[in-house]
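**Student:** Okay, here's the prediction I keep looking at, along with the sequence it came from:
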Amino acid sequence: MKKVAFLLFAIFLTFTFGAQADGHCSDEIGCVVLAPDDPVTIGVMSALSGPVAFLGEDSVGGVEIALNRRDGLVLGREIELITEDSLCSAEGGQTAAQKIASDDQILGVVGTSCSGAAASALPVISAAGMLMISPSNTSPALTNADMDAGGLWQPGYYRTAHNDEFQGAMAAEYALNELGAASAATIHDGDPYTDGLQAVMARTFGEMGGDVVFQGAVNKGDTDMTAILTEIATNPPDVLYFPIFEPEGNFVAAQSQNIPGLEDTILMGADGLLVASFPEATGEAAIGMYLSGPYLSSEDYSAFLAEWDEEFGGAPPSGFHAHAYDAANMLLDAIESVAVEQEDGSIVIGRQALRDAVSATEEHAGLTGVLTCNETGDCATGEALGMYLITEAEVKEGKWPPDVIWSKAEAAMDDM
Amino acid sequence: MTQTRTVTRNRLFGIPLPAGRTGVDLVISALRIIIVALVVIGASSTLLEGRFTFEQWLALLFAGLAQGSIYALIALGYTLVYGILRMINFAHGDVFMAGAFTTVFLAKSLQQSGFLDSQPLLAILILMGFAALVSMTVAVLLERIAYRPLRNAPRLVPLITAIGASFFLQYTFRGLFGSGFKAYPTVAFLRGTIAVGPINIPVAQIFVFLSAIVLMFCLYWLVERTRIGKAMRSVSEDKEVATLMGVNVDLIIVFTFAIGGALAGAAGVINGFFRPQGVNFFMGFFPGIKAFTAAVLGGIGNIPGAMLGGMFLGVIEAIGPNLVLNGLGIPSANQLKDVIAFTMLVLVLIFRPQGILGERLSAEKA
């Protein structure tokens, strides 16, 4: 008898509240209704443990500063932040997304850290009607809607990180136009990230009139690079681009010095080697090497860094904190713009309306530049990138980070 | 009954085979022919293309010999332990890491004090001694804690334990020294080159090769010419009989682990001066696997065999991708250098199942 009464009560509740929501919600994929005392809930999915935990720490810090600057309030309500560990793997992304999707109060998510985690998290988030804005996914596939071409895009995906297309293209552009290189060779290590970067660099370099003489790969864990370097030396390129990580990148740089034929080849890497231990471990071979990576310079950014130091102490551990800050602000701005306050003091937010609002982001003045989202969620300008040059000071005196000698944003300014 | 079995064994896909041959024999012969043909076709088309100069092949050969010397030094530890205990000590790569990782800090302080630059050879000897001591301690503790209690267990049990011990060592050292990459300092005299005929060989490669040869001869002398070596060989032949003859088997086994560990530690420092970068807690894993391959290739349980196997593997890795795979038109040939190394292992083992220098194991030993 008790059970039946409970069941009836449950049905009654469902109908009343369901009807109430229906009464105000005309959104095609549903609404989030905030009762007068409810906080506004947003999620974060980041790599909080494992070898790239520093990426997650970096992003979460950026989001927290964005919230602090609003005094933790949006629409006059407190912001509740739900943080999930999405690791740097497909399984991690899946698990974190399931947890987020099971909480129907969550409006949107800042995350994930890694492209691999995003690929499995996105279908879950998209099906739940939510949206995610990643501060550090760079894989081109995530914002490619063409499934036959390997595209992974689904409605509800956005990112403030630069697509690899930007970084690879910048390396090619810099090699051709600034260094005057006529030929290039590339090495990746089998990782989709490094393979993607070298492919974009080689394609752009070729399209711009350069000659790509070699594209090859090493394995993670290799220590002897003589074989591949000797193969490259049979037709020495002007630039050798290897957007790989430590320690394989160190071995390539150091061993290239002993290969006859590669004496005049300029070495170029990407953000994977933009770490303080690289120049010291590689030694003199690293002097004169170029590295591409995220780069920001503005008064706003200096203020941000000062706030970071005050809040967490020291400098941010990686290069995507400003992207996370911008992602959080885009999400909160969109929430503000679509929220509808009811007479009874509750707030109704349509999920499709929220996606539309983020998609419509135009000239959002963020820390990483002026952001405008395209139809598949690429919001970064690609201007928050620069080329770093490693000199004697980094190798011998431990200076870090190295100086930025060229940046996309400044080059764009010069053109104007 | 016997009749039917003989008939089925001598048929392949229903076709009768010549007397005395089985289907397995035929498949192995076919494999031999296919692999040899691929190697010959690949190599000859690369050589005909003439993309690489003779000097470049020589440079690759020397680089391969140097890398192979490192494999060989680690392989000696595998082969010693296998010879005595018939056990594969999969944690041996991590014993190598223990010495190399711990000594990197001493090497840095020796460099900062200026000692490394003023007395490079003496400093390297001190560092090798220190690393040998660390690795020896780790290896002996490993034997005492992880292997001795399981000595009479089925053979699979110590193998699984060894894999567990390998993880334990890796994460212990990660906890001790962190997960970042460290690098050995470089020494001026190792940076130079020596002109040999048409090419300049880096001194570091010669240093590695000579160190490995010297250490191997010391070990060979120890095993073949000393009392304790005789005891080691007797334990290897038959533990029970050795006990009856008054040999302290436990002591000999500890000694074997100690020697293998010391060689691995020395190899860690030699490797550090040869390939300074990439020192971290995981650095022993791949060299460990390669060294094990080298030991099997040379004939496991055989000391010159381990040496030869290591050199062979190093050279194949350095020359193989460019010589064979490029000739066959395979893209990204260098990414497949492990494939070619292991194909060579298969090739050697289908011609000589006991390894290059290995003796056919008696039922008792195997």
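**Tutor:** Perfect, I can see it now.

**Student:** Give me the pLDDT for A:Gln20.
**Tutor:** With respect to pLDDT, A:Gln20 has a value of 48.

**Student:** What of the one 5 residues further on?
**Tutor:** We note a pLDDT of 81 for A:Cys25 in this prediction.

**Student:** could you list every residue that touches it?
**Tutor:** A:31, A:33, A:348, A:350 (C-beta atoms under 8 Å, 6 or more residues apart in numbering or on different chains). Placement of C-beta: from N, CA and C, glycine included.

**Student:** okay, now the residue lying closest to A:Ile228 once chain neighbours are set aside: neighbour count?
**Tutor:** Computed as C-beta to C-beta, 6 or more residues apart in numbering or on different chains, the closest residue to A:Ile228 that is not its neighbour in sequence is B:Asn334, at 4.1 Å. For B:Asn334, the neighbour count with other C-beta atoms under 10 Å in any protein chain shown is 25.

**Student:** And B:Asn334, how far from A:Lys220?
**Tutor:** With distances taken as C-beta to C-beta, to the nearest Å, B:Asn334 is found 13 Å from A:Lys220.

**Student:** what's the answer for B:Leu47, then?
**Tutor:** 31 Å.

**Student:** need the helix or strand of the chain with the lowest average pLDDT.
**Tutor:** I went with chain A, as the question did not name one. helix A:2-24 (a mean of 56; mean pLDDT, DSSP states H and E).

**Student:** that's the other chain; I wanted chain B
**Tutor:** helix B:2-9 (a mean of 46).

**Student:** and the next element down the chain from the longest helix along chain B?
**Tutor:** Assignment by DSSP state H gives helix B:54-85 as the longest helix of chain B. Once the chain leaves helix B:54-85, the next helix or strand it forms, by DSSP states H and E, is helix B:92-112.

**Student:** Chain neighbours aside, what residue packs nearest to whatever residue of the stretch 251-366 of chain B ends up closest to chain A?
**Tutor:** Relative to chain A, the nearest point of the stretch 251-366 of chain B is B:Gly278 (3.0 Å; C-beta to the nearest C-beta). Nearest residue to B:Gly278 in three dimensions, chain neighbours excluded: A:Pro247, at 3.0 Å (C-beta to C-beta, 6+ apart).

**Student:** which residues touch that neighbour?
**Tutor:** A:223, A:281, B:181, B:277-278, B:280.

**Student:** and the residues you listed, which of them are in helices?
**Tutor:** Judged by DSSP H, those include A:Ala281 as members of helices.

**Student:** Adding neighbour count and pLDDT, write the contacts of A:Pro247 out as JSON lines.
**Tutor:** What follows is the contacts of A:Pro247, written out as JSON lines (neighbours: other C-beta atoms under 10 Å in any protein chain shown; pLDDT from 0 to 100):
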{"residue": "A:Thr223", "neighbour count": "21", "pLDDT": "87"}
{"residue": "A:Ala281", "neighbour count": "26", "pLDDT": "85"}
{"residue": "B:Phe181", "neighbour count": "21", "pLDDT": "83"}
{"residue": "B:Gln277", "neighbour count": "29", "pLDDT": "89"}
{"residue": "B:Gly278", "neighbour count": "25", "pLDDT": "85"}
{"residue": "B:Asn280", "neighbour count": "22", "pLDDT": "87"}
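
**Student:** Now A:Ile244: closest residue in space, sequence neighbours ignored.
**Tutor:** Closest to A:Ile244 by C-beta to C-beta, 6+ apart is A:Asp189, at 4.5 Å.

**Student:** Equivalent analysis for A:Leu331, please.
**Tutor:** Leaving aside its sequence neighbours, A:Leu331 sits nearest to A:Gly108 (C-beta to C-beta, 6+ apart; 4.8 Å).

**Student:** Would you mark the buried spots in stretch A:132-150?
**Tutor:** Neighbour-count burial for stretch A:132-150, counted by 16 or more other C-beta atoms under 10 Å in any protein chain shown, picks out A:132-144.

**Student:** Can you give me the first-to-last residue distance of it?
**Tutor:** Start-to-end span of stretch A:132-150 (C-alpha to C-alpha, to the nearest Å) is 20 Å.

**Student:** Which strand or helix spans A:Glu80?
**Tutor:** strand A:77-85.

**Student:** For the most centrally placed residue in chain B, which non-adjacent residue is spatially closest?
**Tutor:** Residue closest to the mean C-alpha point of chain B, counted by C-alpha atoms, centre = their mean, is B:Ala291 at 2.1 Å. Excluding the flanking residues, the one nearest B:Ala291 by C-beta to C-beta, 6+ apart is B:Ile74, at 3.5 Å.

**Student:** any low-confidence regions in the stretch 251-366 of chain B?
**Tutor:** B:359-366 (pLDDT under 70).

**Student:** same deal with the stretch 51-200 of chain A?
**Tutor:** Across the stretch 51-200 of chain A, the ranges flagged by pLDDT under 70 are A:51.

**Student:** go again using 80 as the cut-off
**Tutor:** A:51-53, A:191-192 (pLDDT under 80).

**Student:** which residues in it form helices?
**Tutor:** In the stretch 51-200 of chain A, the segments counted as helices under DSSP state H, counting those that start in this stretch are A:53-69, A:90-101, A:115-127, A:164-173, A:192-207.

**Student:** Columns distance to chain B and mean neighbour count on top of those helices, output as a markdown table?
**Tutor:** Listed next are these as a markdown table, based on distance: least, C-beta to the nearest C-beta, whole Å; neighbours: other C-beta atoms under 10 Å in any protein chain shown:
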| stretch | distance to chain B | mean neighbour count |
| --- | --- | --- |
| helix A:53-69 | 10 | 22 |
| helix A:90-101 | 18 | 22 |
| helix A:115-127 | 20 | 23 |
| helix A:164-173 | 18 | 24 |
| helix A:192-207 | 10 | 21 |
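
**Student:** for those, which one sits closest to B:Ala107?
**Tutor:** Nearest to B:Ala107 among the helices of the stretch 51-200 of chain A is helix A:53-69; the distance by C-beta to C-beta comes to 27.0 Å.

**Student:** which helices and strands does the closest one pack with?
**Tutor:** strand A:40-46, strand A:77-85, strand A:106-111, helix A:299-312, helix A:321-338 (3 or more C-beta pairs under 8 Å, 6 or more residues apart in numbering or on different chains; DSSP states H and E).

**Student:** Turn these into JSON lines, columns for mean neighbour count and distance to B:Phe90.
**Tutor:** JSON lines is the format used below for these (neighbours: other C-beta atoms under 10 Å in any protein chain shown; distance: least, C-beta to C-beta, whole Å):
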{"stretch": "strand A:40-46", "mean neighbour count": "27", "distance to B:Phe90": "35"}
{"stretch": "strand A:77-85", "mean neighbour count": "17", "distance to B:Phe90": "31"}
{"stretch": "strand A:106-111", "mean neighbour count": "28", "distance to B:Phe90": "38"}
{"stretch": "helix A:299-312", "mean neighbour count": "14", "distance to B:Phe90": "42"}
{"stretch": "helix A:321-338", "mean neighbour count": "25", "distance to B:Phe90": "41"}
